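Student: model this:
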Amino acid sequence: MGNLLILFTASLCLCLFVALLYVLYKYWWVPHRVQFIMNSQGIRGPPYEFIHGNNKEALQMQKEASSKPMALTHDIFPRVMPHDYSCIKKYGKNYLSWKGVRAELVITDPELVKEVLKNSEKAFSKPKTSYFFKKLLGDSIPTIKSEKWARHRKLANHAFHGESLKNMIPAMIASVGTMLEKWKDKEGKEMEVFQEFRFLTSEVISRTAFGSSYLEGEKIFDMLTKFTLIIGRNFYKAKFPITGKFWKSADEIESDKLEKMINDSVMKIVKQREEKVMTGEVDSFGHDFLGLLVNAYHDPDEKNMFLIQDIIDECKTFYFAGQETTNSLLAWTTLLLAIYTDWQDKTRAEVIEVFGNQNPNSEAIAKLKTMTMIINETLRLYPPLNGVVIYKLRWVGATEAQR
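Tutor: Down below sits the predicted model:
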């Protein structure tokens, strides 16, 4: 019995020693070696802190920036990305930053960013997504690589080419008409346009890409909104080594539930589309985004076939990315037009001149020169980058750094 106790104690001590060595190697030795190599090449940045990297500092700056009132100005970069702004001022256009234990080479030189985005030699691969982003996006266009990415991208391009977008205009007009009808009794009153545009973009996406009304997609959008809040809460959090493998935080448990509920909701929409074909109500799965995905699922050619999880992941991504980006851009454009009322008047006059009392159509939309100019300028000033191009390269090893 005594020998067994000694053996167990020795084994436990050995395991703890090995675990300690692993933690020291991964969370202390490797980051400091990376920092030394990059510094030797003239790339500096805020010093690495054990386990947390620069997360604590970045989070504190974010809280301080958000707590202060902001004037109506285009100088928004220090507000929305204070840590990046501070590092650029202190360390220059290109610097080394730490997302927990992960090193990131931050590039703000437009020419270097262009070189990275061209990626002609396939030297810059997509980084591994975080736990919560993986739950949200799954294996969809933003995360997958190589041939699978090309196949998914080709399908998405086909769903949203010029002719398809023209066919979506009536559905967009119907959604905007519903929104304007709600606005009739709000003349002269303050409105939260960001929330209003959230309903609008949700309705448009549901109708044009999935052939359903907002009511059908409402649950999905609400769950995705909860998901983004979880991602925001955990963006600057670093998980303590090893312990994360044995227990889950409240946010991780909640994200698991949301993932399953979103998957079930998307599957319900897919099944409804399939049942309409099976019962003879329609003769095809349709030519919208969902229809093309379901067609790919039933494709007899294995090279072109989509798995059911592929459909779910692409639907989640389009719901999330399409709604979030368009909603923010519409709200930002409205804010700028509210500030520069002379351009608001010019745009209104142009729309009335081109369309009169008629609904927009694809041919006449091309004649909206002032509107096109405003949208292009809005994109240039669109936060959070405010004209500063930022690209973050994930550290991939000492060999690459030495090159």
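Student: Mind checking which residue lies nearest the centre of the protein?
Tutor: What sits nearest the mean C-alpha location of the chain, by CA atoms, centre = their mean, is residue 321, with 5.7 Å.
Student: would you say residue 103 is within a strand?
Tutor: Yes: using DSSP: H, G, I helix; E, B strand; the rest coil, the assignment for residue 103 is a strand.
Student: Point out where the stretch 151-300 of the chain drops to low pLDDT.
Tutor: For the stretch 151-300 of the chain, the stretches flagged by pLDDT under 70 are 213-216, 240-246.
Student: got the residue ranges for the helices in it?
Tutor: 162-183, 193-210, 214-234, 250-278, 289-297 (DSSP state H, counting those that start in this stretch).
Student: Now tabulate those helices in JSON lines and tack on distance to residue 16.
Tutor: In this view, the C-beta of every residue, glycine as well, is placed from N, C-alpha and C. Listed next are the helices of the stretch 151-300 of the chain as JSON lines, based on distance: least, CB to CB, whole Å:
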{"stretch": "helix 162-183", "distance to residue 16": "60"}
{"stretch": "helix 193-210", "distance to residue 16": "51"}
{"stretch": "helix 214-234", "distance to residue 16": "28"}
{"stretch": "helix 250-278", "distance to residue 16": "26"}
{"stretch": "helix 289-297", "distance to residue 16": "49"}
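Student: For residue 127, find the nearest of the ones you listed.
Tutor: helix 214-234 (15.5 Å; CB to CB).
Student: Show me what the closest one is packed against.
Tutor: When contacts are defined as 3 or more CB pairs under 8 Å, 6 or more residues apart in numbering; DSSP states H and E, helix 214-234 packs onto helix 131-137, helix 193-210, helix 250-278, helix 308-339.
Student: Residue 95: helix or strand, and which one exactly?
Tutor: Residue 95 belongs to strand 94-99 when elements are defined using DSSP states H and E.
Student: buried set for that strand?
Tutor: Residues of strand 94-99 classed as buried by neighbour count (16 or more other CB atoms under 10 Å): 94, 95, 96, 97, 98, 99.
Student: Residue 346: neighbour count?
Tutor: Residue 346 is flanked by 16 other residues according to other CB atoms under 10 Å.
Student: Wait, it touches residue 370, no?
Tutor: Yes: using CB atoms under 8 Å, residue 346 is in contact with residue 370, at 5.4 Å.
Student: Tell me the spacing between residue 143 and residue 221.
Tutor: 21 Å (CB to CB, to the nearest Å).
Student: my guess is the residue nearest to the centre of the chain meets residue 136, correct?
Tutor: No: in this structure residue 321 lies outside contact range of residue 136 using CB under 8 Å: 10.0 Å.
Student: Residue 143 versus residue 111, what's the distance?
Tutor: From residue 111 across to residue 143, the span is 27 Å (CB to CB).
Student: of those two, who's got more company?
Tutor: residue 143 (18 against 8).
Student: Could you list which residues are in contact with the more buried one?
Tutor: Residues in contact with residue 143, defined by CB atoms under 8 Å, 6 or more residues apart in numbering, are 126, 129, 133, 134, 137.
Student: Ramachandran angles for it?
Tutor: Per-residue torsions, residue 143: phi -110, psi -30 (degrees, to the nearest 10).
Student: any idea of the pLDDT on it?
Tutor: pLDDT for residue 143: 79.
Student: Would you confirm that residue 371 contacts residue 349?
Tutor: No: counting by CB under 8 Å, residue 371 does not reach residue 349; the two are 11.0 Å apart.
Student: who's more crowded, these two?
Tutor: Neighbour count, other CB under 10 Å: between residue 371 and residue 349, residue 371 has more, with 18 against 11.
Student: who does the helix or strand where that one lies touch, helix- and strand-wise?
Tutor: Applying DSSP H and E as the criterion places residue 371 in helix 369-380. Packing partners of helix 369-380 (3+ CB pairs under 8 Å, 6+ apart): helix 308-339, helix 341-355.
Student: which of those has the lowest average pLDDT?
Tutor: helix 308-339 (a mean of 84).
Student: helices and strands around it, which ones?
Tutor: Packed against helix 308-339 by the contact rule (3+ CB pairs under 8 Å, 6+ apart) you find helix 131-137, helix 146-159, helix 193-210, helix 214-234, helix 250-278, helix 289-297, helix 341-355, helix 369-380.
Student: hmm, try it at 7 Å
Tutor: Counting contacts by 3 or more CB pairs under 7 Å, 6 or more residues apart in numbering; DSSP states H and E, helix 308-339 is packed against helix 131-137, helix 193-210, helix 214-234, helix 250-278, helix 289-297, helix 369-380.
Student: ok, back up a step: now distance to residue 7 too, for the buried residues of strand 94-99, in a markdown table please.
Tutor: Shown next, in a markdown table, are these (distance: CB to CB, whole Å):
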| residue | distance to residue 7 |
| --- | --- |
| 94 | 54 |
| 95 | 51 |
| 96 | 46 |
| 97 | 46 |
| 98 | 41 |
| 99 | 42 |
